[in-house]
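Asker: Sequence first, predicted coordinates after that:
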Amino acid sequence: MSERRKRIAAVFGAALLARLLFLFAGDQPLLYTHQYTYFTNALRIAEHEQPLRYLVASDEWRTWDQHWTIAPLYFVLAAAVFDVFGAHLLPLQLLQCLLDALVAACVAALGERVAGRHGAWAGLAYALYWPAIELTSWTMTENAHTPLFVTALLALVREREQPSARRRFLAGLLLGFSALARAVSSAFVGLAALWRAWPWPLRRGDVRAGSLVLAGGLLAILPWTARNVFVMGEKVLIEDAAFENIWWANNLEDRETYLKQEKVVHSQPTSDAKRSAALGFAIAGVRNHPERVPDKIATAFWHFLRPEGLQNLLRIERSLEPWRHVVTLLLDDLPMLLCVPPFAVFLIAARRSPTRGLIALWTAYYLFMVVIVFHNEVRYRSALMPLAFVGAAGGVATLLDAELRRRVRTLLAALLGLALVAGMLRPYVGPAYRALIAASRLRPLQQAVERSDRSEADRIAARAAEADLRSARPWNTYGRLLAWRGEGERALLAYRRAAEVASIANWAPRIALPRLLAETGDPREAAQTLRQLDRLSWNTDPWLMLELAWRELPPPNSDEILLARGDYGAVRGFLHPRGTDPGLSAPRLEWNKYERIGTELPPPGGHRWSRHRAWLRLVPATPAIAYDVTLEMGAPFPSTLRAPQVRVRVNDGPATVFTLTNEIRPYALRAPAPPAGSPLLVELDTPTWCIAGEPAEQGVRVDRMSVRVP
């Protein structure tokens, strides 16, 4: 094997290892609405009696928000994996890890074309880039689009180096399939064909080459277009969600007016009428408010470049695990900030090459689409960052070239890149300074709380809060210390202060208040805040909420845990709170479609379904040397498990295996008491199941855990 191939293979291995490490060590479930849209609808395809007929003759499986259709390829890919390997996420996630490791290898290969052998570092940078690592565990279209698109660009560059009709056609075909994964690539097929036919004046051979690229792309896209037109009667190239996106991005109206427009669009009798109404509102928005267009573009541009780690840590204080804050700062923000200046140098001042021209063309096209025409989300960077790392390698090579470095254009490009970095960091300078001052003032707080010096602890917390008036962090920290010390009344006051300034993404006060109110405050307010917390859990993500509560709250001093009834801080590794509030029985994703099998709804009663591993903890109220631990659990409808075997372990003791039924029954085991003041920790290890309309990889249903003295 050549040295070049060894370097690329090493990059592939590093990327695969990083993604597998996160997949198994992070053990993160699917989160949020988008991931479940693709997961649920792919399962519906795999479960259908006639999946091919369903794909061709129905758009139900790719409908978003009940009105718009989405590009089809990722649904089909995921459904094929489910059909071959069964209805479980792991095979799909493993495939996505392999595909994205291939992207890293392609980035390394492209990097070597613009920076020599040292350009392989571009591939390693992508291999360790946190958003790319995390995305492979999600069910999102980017997992199909990025591998297809980057491989297509590498094929185009290789074909330019070694002309081949087969490679031209294959590159176009890959580009076309990438557009079927994310339609934003569709127009780039034509641009890539023009790039291949360039420079002007066009020569016959180059025109033929560009035509082959175009033919490959059209061969991938047009059969789907024909299906839309002749089978579904919809005159759309790939999807019509683009019409909704362009309307949302360009209506330029206030919220109230937009909601009125939404009613008009959604009330149209046909899809064509909806598309026309949405496009009309977008055009009217730009025509009626041209003064708002520059602000819209500037906002979208800086949002695209926004350092998410700094944003989550300093501006909105998002409730994330501490390790995740560190990782996003080091493996997301830092690589991007370091990448921008040399990437600007590469685009503006590097030597001309096919790779540079193609990357510059895609960069201009993509930024035009997601900044000017449409809008963007942070995950949309997935289509640009692999090439940005390639460009950064080329920019470094340009700066190391003595001849190129002396050019005025190189200096101006470097200054432009540094100016962009300054603009990216500017919003965080003030918050970072205030946060550092507040953190320095908080240092003596823990010692003051531990020695029960209440007046000093109050003074320290107040001084820290004065340094950062818009931050909930000082009061959250104080409340957490007090709650773990058992000083519920004072903890309640601290969390109330935190709630006054906490952002919508800072969940700590809302998680802590229900229990503290139940223990020390008004039971009616406690019930109200618990209901609000359950709704927040449904509308954001219950797993994240329980993970935060596990860190934020101490284990309860009690002889029982009633799941989904104020169990925050007592359970981890479970999913939605169910059975206690009729208002929570119809989640946003149309889960719980019990009518699909014609079965009655399960009886009411608080419960949660576990994941493959779950934990429960409490500090028994009655001291003893041993306890009988009873778990009320089972695998009732809609579980597909029959007689699942569940391993139960208490405080790292030997595992006990229970065979469950489809009824909720008590299962008991005896366990020695933990050391004084330590929680009794129960761990469940269970098989999982998936069906369309339910959260992914659920284990067993647990209603209650109790302990008693034998």
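Answerer: Okay, I see it.

Asker: Tell me the pLDDT of D65.
Answerer: On pLDDT, D65 comes in at 87.

Asker: Output the longest strand belonging to the chain.
Answerer: strand 608-618 (DSSP state E).

Asker: And the one helix or strand V189 maps to, what does it pack against?
Answerer: For V189, the host element (DSSP states H and E) is helix 186-197. Counting contacts by 3 or more C-beta pairs under 8 Å, 6 or more residues apart in numbering; DSSP states H and E, helix 186-197 is packed against helix 142-161, helix 165-181, helix 204-226, helix 354-367. Just so you know, the C-beta spots here come from the backbone N, C-alpha and C atoms, and that holds for glycine as well.

Asker: Nearest to K260 among those helices would be which one?
Answerer: Comparing the helices and strands packed on helix 186-197 against K260 with C-beta to C-beta, the closest turns out to be helix 354-367 (31.5 Å).

Asker: elements contacting the closest one?
Answerer: Where contact means 3+ C-beta pairs under 8 Å, 6+ apart, helix 354-367 is packed against helix 89-115, helix 142-161, helix 186-197, helix 334-349, helix 385-400.

Asker: if we go to 6 Å?
Answerer: helix 89-115, helix 142-161, helix 186-197 (3 or more C-beta pairs under 6 Å, 6 or more residues apart in numbering; DSSP states H and E).

Asker: okay if I get the ones you listed as TSV plus distance to V629, mean neighbour count and mean pLDDT?
Answerer: Output for the helices and strands packed on helix 354-367, formatted as TSV (distance: least, C-beta to C-beta, whole Å; neighbours: other C-beta atoms under 10 Å; pLDDT from 0 to 100):
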stretch	distance to V629	mean neighbour count	mean pLDDT
helix 89-115	30	23	97
helix 142-161	41	23	96
helix 186-197	58	20	95
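
Asker: And the strands in the protein?
Answerer: 63-64, 68-69, 560-562, 571-574, 608-618, 626-634, 645-650, 656-659, 665-672, 680-685, 701-708.

Asker: Listing partners with orientation, what would you give for the fourth one?
Answerer: What it means is strand 571-574. strand 608-618 (antiparallel) (DSSP bridges).

Asker: Nearest to L305, out of the helices and strands packed on helix 354-367?
Answerer: Using C-beta to C-beta, the helices and strands packed on helix 354-367 put helix 142-161 closest to L305, at 18.3 Å.

Asker: Out of the helices and strands packed on helix 354-367, which gets nearest to M633?
Answerer: Here helix 89-115 is closest among the helices and strands packed on helix 354-367 (C-beta to C-beta), at 22.6 Å.

Asker: Quick check: the closest residue to T40 other than its chain neighbours vs H48, distance?
Answerer: Spatial nearest neighbour of T40, excluding adjacent residues (C-beta to C-beta, 6 or more residues apart in numbering): A692 at 5.3 Å. Counting by C-beta to C-beta, to the nearest Å, the gap from A692 to H48 is 9 Å.

Asker: Which residue of the two possesses the greater neighbour count?
Answerer: A692 (21 against 18; other C-beta atoms under 10 Å).
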